[in-house]
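A.B. asks: got a predicted model here, sequence first, then my questions.
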Amino acid sequence: MIALDTHTWIWWVEEPERLSEAQRAAITEQESDDDGVIGISATSLWEVAMLVARRRLRMDIDLADWFENALAYPRVSILGLTPEIAIESTRLPRDFPQDPSDQIIAATAIIHKCPLVTSDREIRSHTGTVEII
């Protein structure tokens, strides 16, 4: 299993050329593995909806249709917010990015014991906190 950060998920669906080679390889590996899972935090669904509502992200199709299409990709699974993830998000180092969405997404990867695919520089600077691709 891998977990995708929100922007990584958007890029995978809309602009895969923005992903690094390592990120594309990790996603492709999960897609081709019978047991592979590409995890999308439920928080990412909210983040995408908010980005669209605030006009910071434009979609060529209705958001509900975009979600339907993006969540139908092979091996994609929504990773819900659990009590364990909520607690883990409060145990991240003090210097971890203070964006609650980033904290929940990182905690999701930690609890699911999987790498987080992200290009977020602040998250990437905490490689000891969560495994990063």
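C.D. replies: Sure thing, it's come through.

A.B. asks: please count neighbours and contacts with C-alpha atoms only from this point.
C.D. replies: Will do.

A.B. asks: spatially nearest residue to Cys114 (excluding sequence neighbours)?
C.D. replies: Leaving out its chain neighbours, the residue that sits closest to Cys114 by C-alpha to C-alpha, 6 or more residues apart in numbering is Ile2, at 5.3 Å.

A.B. asks: the strands in the chain, which residues?
C.D. replies: Assigned by DSSP state E, the strands in the chain fall at 2-4, 38-41, 76-79, 116-117.

A.B. asks: which among these is found nearest to Ser89?
C.D. replies: strand 38-41 (12.9 Å; C-alpha to C-alpha).

A.B. asks: with just CA atoms, put that closest one into PDB.
C.D. replies: Written as PDB, here are the backbone C-alpha positions of strand 38-41 (Å, rounded to 0.1, in the frame of the first residue of the first chain):
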ATOM      1  CA  ILE A  38      -3.400   3.200  -3.500                       C
ATOM      2  CA  GLY A  39      -4.800   4.900  -0.400                       C
ATOM      3  CA  ILE A  40      -6.500   8.300  -0.600                       C
ATOM      4  CA  SER A  41      -7.200   9.900   2.800                       C
END
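
A.B. asks: for it, which outside residues touch it?
C.D. replies: For strand 38-41, the surrounding residues in contact (C-alpha atoms under 8 Å, 6 or more residues apart in numbering) are 1-6, 9, 27, 30-31, 75-81, 105, 108.

A.B. asks: buried ones only from those, please, as a ChimeraX command.
C.D. replies: To isolate the buried ones among the contacts of strand 38-41 in ChimeraX, judged by 16 or more other C-alpha atoms under 10 Å, type:
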select :1,2,3,4,5,6,9,27,30,31,75,76,77,78,79,105,108
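
A.B. asks: which residues touch the residue nearest to Cys114?
C.D. replies: So Ile2 contacts 26-27, 30, 37-39, 109, 114-117 (C-alpha under 8 Å, 6+ apart).
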